[in-house]
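Student: test case, fold it:
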Amino acid sequence: MGSESSPSDIETRPPLPQDEFSEALLTSELEPTADGGQRALLYPDDRPDVEMSTHWLAVPEGLLVDLDDVR
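Tutor: A predicted model of the protein is given here:
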């Protein structure tokens, strides 16, 4: 049971890596899916075309949430 953390231990830890980076902006495009729905393609628009073609994420439209809603 030695892996439990106390609240004071958590407060003294350094911030998580995502807290140290500026907010990344992703471009999104909706496209139809084979089952008649839609999905969003998300990718960084400020990268070279080669990187954009390999650094993207596809998400079913119904699973998208506004970032401000989860903060």
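
Student: C-alpha only now, for contacts and for neighbours.
Tutor: Fine.

Student: show me where this structure has its helices.
Tutor: Counting by DSSP state H, one finds helices in the chain at the ranges 7-12, 49-52, 67-70.

Student: which residues touch the second one?
Tutor: Meaning helix 49-52. For helix 49-52, the surrounding residues in contact (CA atoms under 8 Å, 6 or more residues apart in numbering) are 43, 44, 45.

Student: which of the helices of the chain comes out lowest on mean pLDDT?
Tutor: Among those, helix 7-12 carries the lowest mean pLDDT, a mean of 62.

Student: okay, residue 14: pLDDT?
Tutor: 68.

Student: swap in the one 4 residues further on?
Tutor: Model confidence at residue 18, expressed as pLDDT, equals 59.

Student: likewise for the one 5 residues further on?
Tutor: The model reports residue 23 with a pLDDT of 64.

Student: before we move on, the earlier item: now, which of the contacts of helix 49-52 sits nearest residue 63?
Tutor: Nearest to residue 63 out of those is residue 43 (CA to CA; 16.4 Å).
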